[in-house]
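A.B. asks: Provide a 3D model corresponding to the input given below.
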Amino acid sequence: MTTITENSIPMKTRGTRDEAVAFVIMALLLAVVPFSGLYPFFVMQALCFALFACAFNLLLGYVGLLSFGHAMFMGTAGYVTAHMAKVGTIGLKVPPIGEFMINMGPLSPELSIVFGLVAALVLSVLTGLVAIRRQGIYFAMITLALSQLIFFLYLQTPFTHGEDGIQGIPQGRLFGLFDLSKPTTLYYVILVGFLIGFLIIFRAINSPFGEVLKAIRENEPRAISLGYKADQYKLLAFILSGTLAGLAGALKVFVAQNASLTDVHWTMSGEVVLIVLVGGLGTLYGPVVGAFVIIAMQQYLAGFGQWVTVIQGVIFVVSVLTFRRGIIGEIGHLTRRHL
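C.D. replies: Have a look, this model is predicted:
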């Protein structure tokens, strides 16, 4: 009679099971936050950045592509969502014919988010077709250049209101039922949005598609020799990552009730790199933990002013030197669990 032990279970099956159990625990802990006394705005903001970091980690941790321009997807979706929720006007300019204006009035939150996601999707397709042809530092520099191009475009475009941004965005009623002006309702809407995005990433990396991405990360020439079209897989991963980053930006609009150039600036792309490395590069839950650590530092150390950046730098250096795998990476290594 054969005895089934922990070590006799295939590594991939055990890893998926560990991640599923951790997901249930995470979801339950986040679900009880409104009753825990924690400041809801802090947790909602952390969830938005956690989704942004998870989307970024899909590209860097599982494909090996370092993007220094991911903020353009988050910022673009935020601007479009904010504009549609507050104004709802779409302008189309065709030089030979003229300019057309479609005024739909302020849209509901769900429709505004859809417009934001479509904008992030289109931008990720266009930029991905340009950037994905290069690798390594060249890929990183191209994404940075494209991001700065988008930044200066939004600085001049009238609908973004330049340095003032879009302020006073109405939170409205989701599907006409859920009043987002109520903090508890808004929190659960943000939580559901985060969990949906997280589950999409979870499914992607634990699918044959995800296995091909990991193979490309480890040895792209060998993956190509096996018949896989690496550029197509990387482009799909880039599009998925950019669209989910857009979802984070669209959700963040209803938390902060504004959209500004900060979300498009290159420093935001640098911050998400910091979040992922502190939490654990290439781990499923590392970006979530990293986002809560970094946002908590910004929230509770705000009294130190500009010194917060210095403190973040020190923590980053210490993390790299002592926790090379990141917080979750080290925990997973010590407990022999796949997180």
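A.B. asks: Show me what counts as buried in the helix ranked longest in the chain.
C.D. replies: Assignment by DSSP state H gives helix 230-256 as the longest helix of the chain. For helix 230-256, a neighbour-count test (16 or more other CB atoms under 10 Å) marks 230, 233-256 as buried. Bear in mind the C-beta positions are built from the backbone N, C-alpha and C, glycine included.
A.B. asks: Please identify the pairing partners of whichever helix or strand comes after that helix and their relative orientation?
C.D. replies: With elements assigned by DSSP states H and E, the helix or strand that comes after helix 230-256 is strand 258-259. If you go by DSSP bridges, strand 258-259 pairs up with strand 166-167 (antiparallel).
A.B. asks: now the strands: where do they sit in the stretch 51-200 of the chain?
C.D. replies: Counting by DSSP state E, counting those that start in this stretch, the stretch 51-200 of the chain has strands at residues 89-94, 98-103, 166-167, 173-174, 178-179.
A.B. asks: Mind checking which residue lies nearest the centre of this structure?
C.D. replies: residue 52 (1.5 Å; CA atoms, centre = their mean).
A.B. asks: what residues are up against that residue?
C.D. replies: Each residue near residue 52 by CB atoms under 8 Å, 6 or more residues apart in numbering is listed here: 70, 74, 245, 248, 249, 272, 291.
A.B. asks: Among these, find me the one that's closest to residue 308.
C.D. replies: The nearest member of those to residue 308, counting by CB to CB, is residue 291 at 15.8 Å.
A.B. asks: Distance-wise, check that closest one relative to residue 298.
C.D. replies: 11 Å (CB to CB, to the nearest Å).
A.B. asks: out of those two, which sits in the busier spot?
C.D. replies: residue 291 (27 against 17; other CB atoms under 10 Å).
A.B. asks: which residues of the stretch 1-150 of the chain score low on pLDDT?
C.D. replies: Applying pLDDT under 70 to the stretch 1-150 of the chain picks out residues 1-15, 89-105.
A.B. asks: again, only using 90
C.D. replies: Low-confidence segments of the stretch 1-150 of the chain (pLDDT under 90): 1-24, 33-42, 61, 64-69, 83-109, 131-138, 140.
A.B. asks: cool, the stretch 151-300 of the chain as well?
C.D. replies: 155-184, 206, 217-221, 223-228, 230-231, 256-263, 265-271, 273-274, 277-284, 293-300.
A.B. asks: Helices of that one, start to end?
C.D. replies: Secondary structure of the stretch 151-300 of the chain by DSSP state H, counting those that start in this stretch: the helices cover 183-205, 208-218, 220-225, 230-256, 266-279, 286-300.
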